[in-house]
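*Asks:* build me a model from this:
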Amino acid sequence: MGFVPGEYNADNYEKIDLHRPYVDDIILVSKEGKPMKRETDLIDVWFDSGAMPYAQIHYPFENKELLDSHEVYPADFIAEGVDQTRGWFFTLHAIATMVFDSVSYKAVISNGLVLDKNGNKMSKRLGNAVDPFSTIEKYGSDPLRWYMITNSSPWDNLKFDVEGIEEVRRKFFGTLYNTYSFFALYANVDGFEYEEAEIPMSERPEIDRWILSVLNSLVKEVDTCYNEYEPTKAGRLISDFVNDNLSNWYVRLNRKRFWGGEYSQDKLSAYQTLYTCLETVAKLMAPIAPFYADRLYMDLISATGRDHVGSIHLAKFPECNASLIDKQLEVRMQMAQDVTSMVLALRRKVNIKVRQPLQCIMIPVVDEEQKAHVEAVKALIMNEVNVKEIKFVDGAAGVLVKKVKCDFKKLGPKFGKQMKAVAAGVNELSQEAIAELEKNGKYTLNLGNEEVVLEAVDVEIFSEDIPGWLVANEGKLTVALEVTVTEELRREGIARELVNRIQNIRKSSGFEITDKIRIVLSKNQQTDDAVNEYNTYICNQVLGTSLKLADKVEDGTELNFDDFSLYVSVIKEL
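*Replies:* Next up is the predicted model:
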């Protein structure tokens, strides 16, 4: 038997082929009894999707005025895969041009492909495909989204690695969570609910004015990135602010302002400043991490009542307050961060902990401006890297010996056959010439018959270590760290180390941050002098009411040092 009309089963439809040319032999009959044949003039089926702007609002049968008035058309932007270049992207414009003499959209984000971590196309056959649902279940949708958007621009192919999601979850979301937890812990202890009047900027410490300046610079930059369809840059800016400026610098430098003590104007300024940063960061990150940002924001405003929206996505996007931006302050603080980073790297190089005080940092200044910037943050640097003094030297003459190394990849194409003579000239540069090159960014090199201009970006300038010191270079900035530990410095280092160990015991014992303690420490000739000298300091730092030395400590906790051990008993006062 042949095909039977009206029987909709697989066996019946296997009896008929509806492809050309066979379909052209089929003639259907309309309700009016007229013949119906296949339409011979066809258009690419993608033109159906190209009619989307009109079809979605049922134009022109409904909402005609919305489209004709350009209220909903052209679109501000569209996004799809790069494979749609000759499909949807084209047909949208083609129909708009033919029918309305207009473009269909103002901007397009053409998404790249998601590849495996080695750059290969994902496929089940190769076993390198990643299940999005199990990935979201394990890591969360916001860390996944943040990773994908900040890892590479949407229009570039993404080498997808689940380890990158874990890193984002730990370094960004974890850091932000810890920052909020720190704030919430002490805000709850002090009952901070942002009920007090704003502390005027002129009365806030410089560190508060700095972070608010950087925050408003961030708002300006992130807003520009979003408006220019650069979500990758926006996400990276937010990440850098949270990790480098908010957590690793502002909170770390200001912990003591939140600890104990009376509810002073200084403490209130710290609370208001940190709250403002958290609230603003939540709003800035909301387009990329909608769920995390919503929880963070709602937790903040539920305690303070500073906003009355049902979701962060109904709140107003932050606006930059240009009056709070102080670029000179930002430059000074960046100098402090750079010097600190370099000194801490030098400490790690010789395995000297930050808790061990050192005597001196020496900085050869390039110019008066650099000296003024360092001088302004001198006390902050000394406290952060735990040194007793900072010395400035005019250049490096007689103190540090600087060398210049050619970057042949840059100099080769620039000087060609002259490269050998240029390299010889670079090797013979005097300390004064190197200082001029650092200061001005360029130096005129005499090659005998002619002169060439050497630029600082084409070479590497570094300093040689000197006995008892370690030296680091970064651009125009050079720092030398004295690494000799005197007996006096050693005793102070022991005291600081004991504070750290006792604080860890408090934490592991589950003590409240306001609990006071009694401390008994076993005697040891390597630590007794330090304990006696810094007894009051140690007690103040750990909320100790007493610190006593004993020949034997019953049921004590063992503290292991490099070449000896101590026992300590920490008892909570009732």
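*Asks:* all helices in the stretch 151-300 of the chain, in order from the N-terminus.
*Replies:* Using DSSP state H, counting those that start in this stretch, the helices assigned to the stretch 151-300 of the chain run over residues 162-168, 175-190, 206-227, 231-240, 252-258, 265-285, 290-304.
*Asks:* mean neighbour count and distance to G441 added to those helices, as JSON lines?
*Replies:* Placement of C-beta: from N, CA and C, glycine included. What follows is the helices of the stretch 151-300 of the chain, written out as JSON lines (neighbours: other Cβ atoms under 10 Å; distance: least, Cβ to Cβ, whole Å):
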{"stretch": "helix 162-168", "mean neighbour count": "17", "distance to G441": "36"}
{"stretch": "helix 175-190", "mean neighbour count": "16", "distance to G441": "36"}
{"stretch": "helix 206-227", "mean neighbour count": "20", "distance to G441": "25"}
{"stretch": "helix 231-240", "mean neighbour count": "20", "distance to G441": "26"}
{"stretch": "helix 252-258", "mean neighbour count": "15", "distance to G441": "32"}
{"stretch": "helix 265-285", "mean neighbour count": "21", "distance to G441": "35"}
{"stretch": "helix 290-304", "mean neighbour count": "18", "distance to G441": "42"}
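*Asks:* to V331, which of the ones you listed lies closest?
*Replies:* Closest to V331 of the helices of the stretch 151-300 of the chain, according to Cβ to Cβ: helix 206-227, at 10.4 Å.
*Asks:* distance from the chain centre to that closest one, please.
*Replies:* 13 Å (Cα atoms, centre = their mean, to the nearest Å).
*Asks:* how does this protein divide into domains?
*Replies:* Domains of the chain are assigned by automatic domain parsing as 46-111, 162-325, 402-463, 487-572.
*Asks:* what's the end-to-end length of the shortest one?
*Replies:* Translated: domain 402-463. Distance across domain 402-463, first residue to last, is 4 Å (Cα to Cα, to the nearest Å).
*Asks:* same question for stretch 342-358.
*Replies:* End-to-end for stretch 342-358, by Cα to Cα: 15 Å.
*Asks:* cool, stretch 405-424 as well?
*Replies:* Note: stretch 405-424 ends 11 Å apart using Cα to Cα.
*Asks:* low-scoring stretches of the stretch 51-200 of the chain, by residue?
*Replies:* Within the stretch 51-200 of the chain, no range satisfies pLDDT under 70.
*Asks:* now the strands: where do they sit in it?
*Replies:* 78-81, 108-111, 114-116, 158-160 (DSSP state E, counting those that start in this stretch).
*Asks:* out of the ones you listed, which one sits most buried?
*Replies:* When the strands of the stretch 51-200 of the chain are scored by mean count of other Cβ atoms under 10 Å, the highest mean neighbour count falls to strand 158-160 (a mean of 19).
*Asks:* what's next to it, contact-wise?
*Replies:* Outside of strand 158-160, the residues within contact range by Cβ atoms under 8 Å, 6 or more residues apart in numbering are 112-119, 122, 130, 148, 151-152.
*Asks:* can you do 6 Å?
*Replies:* V114, L115, K117, G119, N151, S152 (Cβ atoms under 6 Å, 6 or more residues apart in numbering).
*Asks:* out of the residues you listed, the closest to D326 would be?
*Replies:* Looking across the contacts of strand 158-160 and measuring by Cβ to Cβ, the closest to D326 is N151, at 32.9 Å.
*Asks:* how much space between that closest one and V393?
*Replies:* Counting by Cβ to Cβ, to the nearest Å, the gap from N151 to V393 is 44 Å.
*Asks:* compare the two (neighbour count), which wins?
*Replies:* N151 (18 against 15; other Cβ atoms under 10 Å).
*Asks:* OK, contacts around the more buried one?
*Replies:* L158.
*Asks:* likewise for the one 5 residues further on?
*Replies:* With contacts defined as Cβ under 6 Å, 6+ apart, D156 is in contact with G112.
*Asks:* what residue ranges in this protein are flagged as low confidence?
*Replies:* Ranges of the chain meeting pLDDT under 70: 1, 260, 395-400, 465.
*Asks:* distance to E330 for the helices of the stretch 151-300 of the chain - can I get that in TSV?
*Replies:* Converted to TSV, the helices of the stretch 151-300 of the chain look like this (distance: least, Cβ to Cβ, whole Å):
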stretch	distance to E330
helix 162-168	26
helix 175-190	20
helix 206-227	6
helix 231-240	13
helix 252-258	15
helix 265-285	15
helix 290-304	25
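*Asks:* out of those helices, nearest to W88?
*Replies:* Shortest distance between W88 and these, using Cβ to Cβ, is found for helix 231-240: 20.8 Å.
*Asks:* which other residues reach that closest one?
*Replies:* Contacts of helix 231-240 with the rest of the structure, by Cβ under 6 Å, 6+ apart, involve I149, T150, S153, F172, E221, V222, C225, Y226, L284, M285, I288.
*Asks:* let's see 7 Å
*Replies:* Under the contact criterion Cβ atoms under 7 Å, 6 or more residues apart in numbering, helix 231-240 has outside partners 146, 149-150, 152-154, 172, 218, 221-222, 225-226, 281, 284-285, 288.
*Asks:* which of the strands of the stretch 51-200 of the chain sits closest to D24?
*Replies:* Nearest of the strands of the stretch 51-200 of the chain to D24, taken as Cβ to Cβ: strand 78-81 at 35.0 Å.
*Asks:* just the domains of the chain: most buried one?
*Replies:* For these, the largest average neighbour count (mean count of other Cβ under 10 Å) is found in domain 162-325, namely a mean of 17.
*Asks:* endpoints of it, how far apart?
*Replies:* 38 Å.
*Asks:* also stretch 510-530?
*Replies:* By Cα to Cα, the extent of stretch 510-530 from end to end equals 28 Å.
*Asks:* run the chain-centre distance for it.
*Replies:* 38 Å.
*Asks:* in CSV: the strands of the stretch 51-200 of the chain, plus distance to I238.
*Replies:* What follows is the strands of the stretch 51-200 of the chain, written out as CSV (distance: least, Cβ to Cβ, whole Å):
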stretch, distance to I238
strand 78-81, 21
strand 108-111, 19
strand 114-116, 23
strand 158-160, 19
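*Asks:* on that earlier part again, of the helices of the stretch 151-300 of the chain, which is nearest K403?
*Replies:* The nearest among the helices of the stretch 151-300 of the chain, by Cβ to Cβ, is helix 231-240 at 32.1 Å.
*Asks:* was I right about L92 contacting Y105?
*Replies:* Yes. Using Cβ atoms under 7 Å, L92 is in contact with Y105, at 6.4 Å.
*Asks:* may I see the domains of the chain arranged in a markdown table, with distance to E375 as well?
*Replies:* Formatted as a markdown table, the domains of the chain follow (distance: least, Cβ to Cβ, whole Å):
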| stretch | distance to E375 |
| --- | --- |
| domain 46-111 | 47 |
| domain 162-325 | 13 |
| domain 402-463 | 18 |
| domain 487-572 | 24 |
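*Asks:* tell me which of the strands of the stretch 51-200 of the chain sits nearest to K414.
*Replies:* Between K414 and the strands of the stretch 51-200 of the chain, the shortest gap by Cβ to Cβ is with strand 158-160, which sits at 33.6 Å.
*Asks:* against which helices or strands is the one helix or strand I363 maps to packed?
*Replies:* Counting by DSSP states H and E, the element that carries I363 is strand 358-365. Strand 358-365 is packed against strand 387-394, strand 477-482, with contacts defined by 3 or more Cβ pairs under 7 Å, 6 or more residues apart in numbering; DSSP states H and E.
*Asks:* okay then, goodbye and thanks.
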